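In: Based on what follows, work out the 3D shape:
(one chain, ligands or ions: 1)
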Amino acid sequence: MCGIVGYVGDRKIEEVLIEGLRRLEYRGYDSCGLALNGEKSGIYRKRALGRIDNLARAIEGHTPSDKRSGIAHTRWATHGEPSEDNSHPHCDCSCEIVVVHNGIIENYSSLKDELEKKGHKFSSQTDTEVIAHLVEEKLKEISRGAGIKHALPEPLFFEAFRRAVNLLSGSFAVSALWVKAPELIMSARMHSPLTVGMGEGENFLASDVSAFLKYTKKVYFMDDGEIAAIRRNSAEFYDFKGKKNNKQPSIINWDLSMAEKGGYRHFMLKEIHEQALSAQNTMAGRLLPFEEKRIFSEIGLDFNEAARIKELQIIACGTAFHAGLVGKYVFERLGIRAAADLASEFESRAALLDRGTLVIAVSQSGETADTLHAVKAAKRNGNKVLAVTNTLGSSITREADYTLYTHCGPEIGVASTKAFLGQLIAFYMLAVNFSHARGITDPQKAEQLCRQLLLIPDLIEKTMALENKIEKLTEAFSSKEHYLFIGRDLSYPIALEGALKIKEISYVHAEGYAAGEMKHGPIAIIEKGMPVLSLALSSQSLDLIKGNIEEAKARGADIIAVVDEESKKTVKARHYLEVPQINELFSGALAVIPLQLFAYYIALQRKCDIDKPRNLAKSVTVR
Ligand code: M6R
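Out: Here you go, the predicted model:
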């Protein structure tokens, strides 16, 4: 949540910052701002409510010509309502220090009290502002001789910043400028992502590499408890005590076009269309010829150790949790006991885990605070953790013992689509491999399942042929305010996912239910004309779901059934969305697509802001 961008170099700084902010807008978009540090003109700061365009308009023709560095921010409010005063960058008393921050400073009110007693004047309701005043205070403290004497501004700024961040508790990615050190950006990271991009005679920083991918692919991922001093020709890293860290850069293999809309109206639609390709990428080189150790050696898990794992605990939030629920069903169908829990509900229960249970944490961003906390709790209990994520170098990969990347490419739309699909495929692959390692699935069967998995990208392409039909269908439904999604067994999490998609981008009320639960309460809400999206694919539970559909119809529901060729013969619905036939085990990968498209076109009819739905941010990095 919230996005930070920084730049020091010869380009037009405000252009680099605004462009970076646009790429990070998915992280939060209730307000934004930037600050530039000029050689003679000092700090120029501008903030705006709403979208980045408002900021771009506000600075046009007003920025100083002698600027040397800059920082910028797009906000998702935690402390203080969205307003210009609460927007970042925040200043110290004389606006000589400017700060942008992502995260939450948990001890901000006690720090603020102390600073106010010392005469500091605050002008916002945010937790972030204390950081600027703390740096100011530390500058004074050092200059008064209370600490190390530093004559030069840069070491002085470094030391004041270092001392200030040592006083913060909570989660933060923070960057700061000081008027007297115009070519230095100080940054620190604690439980909130920050990356530094290395250019030639210029350097970048951002919450996410997509902000500077256009300029460089050479990236340092900052660690928790790390400070960076970023200058035009260097980036140096230190721990919070001031000891230098030697870091190796990573090279990002995404290209910029992957992070752009490529002619689609919305990122969400582009990402729905990318699913065949991204499913292919998730599987590439991992399935055939079937080799028992291949996936385990990729993730660094010893095969014999994998063979001893009897039970799995999956943890995740939101859409990733729904993928985890599918994972649970698939693992169990292949003979391995698995539980799936919401990461936000898991931390206090981690101590009950059997030490031999492998924890699988699923997160597109790898930065979701609840998932990270749940991972740490599992680690404290002595469990090994496998991260399934899309994001190289993300926080979750640093906490986990093993990582399986989904390789879906950047997902920008707040509503997760292709990342969900990548997570499903990751689970399918893991389930086949773990089941084989345990001796439950024999190598021939494992190879056969891998062959079926490899059909998925083509079948996704075929499923996309439903798009026009769905677009037309949504014209009839777009004024509805209530939707039900029902499914059983492997399709139950897909019903949950369908309901979440439509809720988050269309702002309508939708419930996902295990169809067997309908008679235990929810059927009471069905009235004439209520759309009930029913997952009715060929499966062990088809007869049961058919019964549930009939019960809903008898109460006036308008049934939209997701079927395959076989099941369509016996399912009675008003509208059919037919997906290709596939092994029931993997059916979720196709069944979810019409539901994603349905949510997208309903939102389009309702003129909602599809890529930036209200109140949401792409990565939920606060709890
Ligand atoms: O980055 P993560 O996968 O950990 O994110 C988890 C959820 O916040 C995320 O899936 C959220 O539910 C999406 N907006 C759903 O579309």
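
In: domains of this protein?
Out: Domain segmentation of the chain under automatic domain parsing yields 3-257, 261-454, 461-623.

In: Can I get these in TSV including distance to the ligand?
Out: Bear in mind the C-beta positions are built from the backbone N, C-alpha and C, glycine included. Formatted as TSV, those follow (distance: least, CB to the nearest ligand atom, whole Å):
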stretch	distance to the ligand
domain 3-257	10
domain 261-454	2
domain 461-623	5
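
In: Switch the ones you listed over to JSON lines; also include mean neighbour count and mean pLDDT.
Out: Listed next are those as JSON lines, based on neighbours: other CB atoms under 10 Å; pLDDT from 0 to 100:
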{"stretch": "domain 3-257", "mean neighbour count": "20", "mean pLDDT": "92"}
{"stretch": "domain 261-454", "mean neighbour count": "21", "mean pLDDT": "95"}
{"stretch": "domain 461-623", "mean neighbour count": "20", "mean pLDDT": "95"}
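
In: what's the helix or strand for residue 98?
Out: Take DSSP states H and E as the rule and residue 98 turns out to sit in strand 97-105.

In: nearest residue to residue 498 other than its sequence neighbours?
Out: Using CB to CB, 6 or more residues apart in numbering and skipping residues adjacent in sequence, the residue nearest residue 498 is residue 595, 3.4 Å away.

In: So the one you found sits against residue 533, correct?
Out: Yes - under the criterion of CB atoms under 8 Å, residue 595 makes contact with residue 533 at 6.7 Å.

In: For the next helix or strand after the strand holding residue 98, which outside residues touch it?
Out: Moving toward the C-terminus from strand 97-105, the next helix or strand (DSSP H and E) is helix 108-117. Defining contact as CB atoms under 8 Å, 6 or more residues apart in numbering, one finds that helix 108-117 is touched by 79, 105, 122, 127, 129, 130, 133, 134, 137, 167, 168, 170.

In: same deal with stretch 574-583?
Out: Stretch 574-583 has contacts (CB under 8 Å, 6+ apart) with 449, 452, 455-456, 459, 462-463, 466, 469-470, 473, 537-538, 558-566, 568, 587, 589-591, 593-594, 598.

In: In helices only, show me the residues you listed.
Out: 449, 452, 456, 459, 462-463, 469-470, 473, 565-566, 568, 589-591, 593-594, 598 (DSSP state H).

In: Show me the residue at the heart of this protein, geometrically.
Out: Nearest to the geometric centre of the chain sits residue 365, at 3.3 Å (CA atoms, centre = their mean).

In: Now it: closest residue in space that isn't a chain neighbour?
Out: residue 619 (4.1 Å).

In: does the one you found count as helix, strand or coil?
Out: With DSSP: H, G, I helix; E, B strand; the rest coil as the basis, residue 619 sits in coil.

In: quick one: it and residue 371 touch, right?
Out: No - between residue 619 and residue 371 there is no contact, the gap being 10.5 Å when judged by CB under 8 Å.

In: Phi, psi for residue 177 please.
Out: Per-residue torsions, residue 177: phi -120, psi 150 (degrees, to the nearest 10).

In: Show me what it is bridged to.
Out: The partner list for residue 177 in beta bridges (DSSP bridges) reads residue 98.

In: hang on, it packs against residue 34?
Out: No - Residue 177 sits out of contact with residue 34 when judged by CB under 8 Å, with a separation of 10.5 Å.

In: Where is the longest helix in the protein?
Out: The helix spanning the most residues in the chain, taking DSSP H as the definition, is helix 418-437.

In: Output it as PDB - backbone C-alpha positions only.
Out: The C-alpha coordinates for helix 418-437 follow below in PDB (Å, rounded to 0.1, in the frame of the first residue of the first chain):
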ATOM      1  CA  LYS A 418      -3.500 -14.200 -13.900                       C
ATOM      2  CA  ALA A 419      -1.700 -14.400 -10.600                       C
ATOM      3  CA  PHE A 420      -4.600 -16.600  -9.300                       C
ATOM      4  CA  LEU A 421      -4.300 -18.800 -12.300                       C
ATOM      5  CA  GLY A 422      -0.500 -19.100 -11.700                       C
ATOM      6  CA  GLN A 423      -1.200 -20.000  -8.100                       C
ATOM      7  CA  LEU A 424      -3.600 -22.800  -9.200                       C
ATOM      8  CA  ILE A 425      -1.000 -24.200 -11.600                       C
ATOM      9  CA  ALA A 426       1.600 -24.000  -8.900                       C
ATOM     10  CA  PHE A 427      -0.600 -26.000  -6.600                       C
ATOM     11  CA  TYR A 428      -1.400 -28.600  -9.300                       C
ATOM     12  CA  MET A 429       2.300 -29.100 -10.000                       C
ATOM     13  CA  LEU A 430       3.100 -29.300  -6.300                       C
ATOM     14  CA  ALA A 431       0.300 -31.700  -5.500                       C
ATOM     15  CA  VAL A 432       1.400 -34.100  -8.300                       C
ATOM     16  CA  ASN A 433       5.000 -33.900  -7.200                       C
ATOM     17  CA  PHE A 434       4.400 -34.300  -3.400                       C
ATOM     18  CA  SER A 435       2.000 -37.100  -4.000                       C
ATOM     19  CA  HIS A 436       4.500 -38.900  -6.200                       C
ATOM     20  CA  ALA A 437       7.300 -38.200  -3.600                       C
END
